[in-house]
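A.B. asks: Need coordinates for the following:
(2 chains)
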Amino acid sequence: MLKILVPTLMLLPTAWMAPKKWLWPTTLLHSLLIATASLSWLKNMSETGWTTTNSYLATDALSTPLLVLSCWLLPLMILASQNHMALEPENRQRLYICLLTSLQIFLIMAFGATEVMMFYVMFEATLIPTLILITRWGNQTERLRAGVYFLFYTLAGSLPLLVALSLLYVSTGTLSLLILQYSEPLQLSGLADEFWWLGCMLAFLVKMPLYGVHLWLPKAHVEAPIAGSMILAAVLLKLGGYGMMRMLTMLDPLTKEMSYPFIVLALWGVIMTGSICLRQTDLKSLIAYSSVSHMGLVVGGILIQTPWGFTGALILMIAHGLTSSALFCLANTNYERTHTRTMVLARGLQTVLPLMATWWFISSLANLALPPLPNLMGELMIITSLLNWSWWTIALTGAGTLITAGYSLYMFLVTQRGKLPAHLPAIEPTHSREHLLITLHLLPLLLLILKPELIWGWAA
Amino acid sequence: MLTRLARLGPTVPRLLSNSSVRFVSQSKPTGAAGSTAVTELHPAESPGGHSEVSQYVKNPEYHGFSKDPVVDEWNMKIGFFFGISVALVIGGTFIHYLPDHGMRQWARREAERLILQREQEGLPLLEENYYDSNKIVLPSAGES
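C.D. replies: Sure, this is the predicted structure:
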């Protein structure tokens, strides 16, 4: 664990001391080496249980895929930010990289935490660099409102979590996941315990986000700079899912009844946000709502609490992380050329940028969950486990899948096909950097088809 | 103003000079005029910035990383080599050759072995009770 964490910490002095000309190549190299080393976490040789332990951090089959995803994302964020940051003064570039790095450090510690309180502290700590990224480097005045929504939605959800965790500590004497997950079930009954359940879950439901408390997400994703959007969509949402999966092991038997409204809300959210996507004019907003839609399915899968549900949720989280981040990168390549997010102002790009159209195509196919990509496998497992719980869910999930295919194809067709608008002057050819960026998103996704057991978690 | 732009050639992307951005593209005086940039609190590093001229004009081998061609080329090499050749190829090979991830192949072999063994011995494949029923201690009917 430390052989990844300490190099990541060392990325902070690297960002400040690298010569100005070589700042971005150096940090890119450093973060790629960290990402390569993080693959060693995938060596999970036992069925369950924790490996790579030290006093505070450990990994198991659930946290490992998410850890590797967040380590993989740092070089991608650096690649994506390089162009729009080139105009900024030198110190601000270094600060930007430091913010991304500190976010990475908090994420590693959050996913690796063995003590739930440490997870909570790191969960909250990730808010700060993200807030700074959104409010300082966002491009429109709406970024301030976005930052406020982001911060206060998450804080309002997580303050009850702090109280709930303190209560748990007082009653069980420990908050260590090594112990709590294998301890005897708590005697939970009565209204107070139901509020405690809600306190435990609310923070993560807001973070996922659950439809109903999802309003922060479109704002934050749209107003954030590309690196902010990437890390938000790919990893920060999954913090919520991960937290839920950890806490749910202790929350039986209340979950059987209390999860009911949230599962319904999540599935309804899949359809609602999917429908909103079909009416979006703003490209980034479309991708943001698509994230809410996919995460609704993940919430449903987690709250079902079956092995297939958990496994499907984890697979979908990883696959969606890569896909959604790729889509945001593609949207950013559009934005850097046209300086607008309005879709109809940048149509017919396939004629000008054919290879980029290929990446758009593959990413859109991944988004609509084409087999054999893991997106489909995750969705299918969740849909199946929901069906097992109640036949009625198939109406919602089936319609949701249909609408997802609809808006993904809509997004592809609007941006790529059709006539190039007359007002667009010469569009720069795609840079190698952009090709590399998208490739580094899509290749892992394709490679995961070959060895999906890496992301099955401990349940399958 | 536009005549000055025309001097730079037909390939000028008019909007590239915008370092402060709008939701909908609008034409704005370019940095070439030494704009006062009233909308920006923090002036960009070089107001011409990434320039009104496409980087490809100066450096036909522009890869998208940096204005300096040497840094640009090295950055490209580093990114592609360490990103694809090292991380994906070598990392992928490492992952491919990982032993039995999560003991799934072992579980399959063990199940097949046990099934064979139990069929030979004539035992049922699985006992009805998950726990040993002798070890379960139930309270007697009379206790509360």
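A.B. asks: So what's the residue count around residue A:259?
C.D. replies: 22 (other C-beta atoms under 10 Å in any protein chain shown). C-beta here means a position set from N, CA and C on the backbone, and glycine is covered the same way.
A.B. asks: how far away is it from residue A:299?
C.D. replies: 9 Å (C-beta to C-beta, to the nearest Å).
A.B. asks: Same question for residue A:376.
C.D. replies: 18 Å.
A.B. asks: Residue A:219 too?
C.D. replies: For residue A:219 relative to residue A:299 (C-beta to C-beta), the value is 20 Å.
A.B. asks: In chain A, where is pLDDT below threshold?
C.D. replies: A:47-48, A:460 (pLDDT under 70).
A.B. asks: out of residue A:219 and residue A:299, which sits in the more crowded spot?
C.D. replies: residue A:299 (30 against 22).
A.B. asks: Mind giving me the packing neighbours of the strand or helix carrying that one?
C.D. replies: Using DSSP states H and E, residue A:299 sits within helix A:283-304. Packed against helix A:283-304, as judged by 3 or more C-beta pairs under 8 Å, 6 or more residues apart in numbering or on different chains; DSSP states H and E, are the following elements: helix A:216-223, helix A:237-248, helix A:255-278, helix A:307-338, helix A:374-389, helix A:393-416.
A.B. asks: If we use 6 Å, what do you get?
C.D. replies: Counting contacts by 3 or more C-beta pairs under 6 Å, 6 or more residues apart in numbering or on different chains; DSSP states H and E, helix A:283-304 is packed against helix A:216-223, helix A:237-248, helix A:255-278, helix A:307-338, helix A:374-389.
A.B. asks: Just give me how far the first one sits from the chain centre.
C.D. replies: This means helix A:216-223. 13 Å (C-alpha atoms, centre = their mean, to the nearest Å).
A.B. asks: Only C-alpha atoms, please: export that helix in PDB.
C.D. replies: Only the C-alpha atoms of helix A:216-223 are listed here, as PDB (Å, rounded to 0.1, in the frame of the first residue of the first chain):
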ATOM      1  CA  TRP A 216     -25.600  18.900  -7.400                       C
ATOM      2  CA  LEU A 217     -24.300  16.500 -10.000                       C
ATOM      3  CA  PRO A 218     -25.200  18.200 -13.300                       C
ATOM      4  CA  LYS A 219     -24.100  21.500 -12.000                       C
ATOM      5  CA  ALA A 220     -20.800  20.300 -10.700                       C
ATOM      6  CA  HIS A 221     -19.900  18.100 -13.700                       C
ATOM      7  CA  VAL A 222     -20.800  20.800 -16.200                       C
ATOM      8  CA  GLU A 223     -19.000  23.700 -14.400                       C
END
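A.B. asks: How far does the helix holding residue A:299 sit from its chain's centre?
C.D. replies: Worked out by C-alpha atoms, centre = their mean, helix A:283-304 lies 10 Å from the chain centre.
A.B. asks: If we go by neighbour counts, what in stretch A:387-407 is buried?
C.D. replies: A:389, A:393, A:396-397, A:400-401, A:403-405, A:407 (16 or more other C-beta atoms under 10 Å in any protein chain shown).
A.B. asks: List the contacts of it.
C.D. replies: A:267, A:270-271, A:274, A:277-278, A:304, A:368, A:383, A:386 (C-beta atoms under 6 Å, 6 or more residues apart in numbering or on different chains).
A.B. asks: Mind checking which of the residues you listed are buried?
C.D. replies: A:267, A:270-271, A:274, A:277, A:304, A:368, A:383, A:386.
A.B. asks: for residue A:342, phi and psi?
C.D. replies: Dihedral pair for residue A:342: phi -70, psi 130, per degrees, to the nearest 10.
A.B. asks: er, residue A:115 actually
C.D. replies: phi -110, psi 130.
A.B. asks: ok, what's across the strand from it?
C.D. replies: Residue A:115 has these beta-bridge partners by DSSP bridges: residue A:176.
A.B. asks: burial measure for it, as a count.
C.D. replies: 20.
A.B. asks: distance of it from residue A:179?
C.D. replies: Residue A:115 is 10 Å from residue A:179, by C-beta to C-beta.
A.B. asks: Taking chain B, what residue is nearest to chain A?
C.D. replies: residue B:64 (2.4 Å; C-beta to the nearest C-beta).
A.B. asks: picking up where we left off before, and of the buried ones among the contacts of stretch A:387-407, the nearest to chain B?
C.D. replies: residue A:277 (19.1 Å).
A.B. asks: Could you find the closest non-adjacent residue to residue A:212?
C.D. replies: Distances taken as C-beta to C-beta, 6 or more residues apart in numbering or on different chains put residue A:265 closest to residue A:212, at 5.4 Å, once the chain neighbours are dropped.
A.B. asks: wait, what's in contact with that neighbour?
C.D. replies: Contacts of residue A:265 (C-beta under 6 Å, 6+ apart): A:210-212.
A.B. asks: who touches the lengthiest helix in chain B?
C.D. replies: Counting residues, the longest helix found in chain B (DSSP state H) is helix B:104-121. Residues outside helix B:104-121 that contact it (C-beta under 6 Å, 6+ apart): B:100, B:125.
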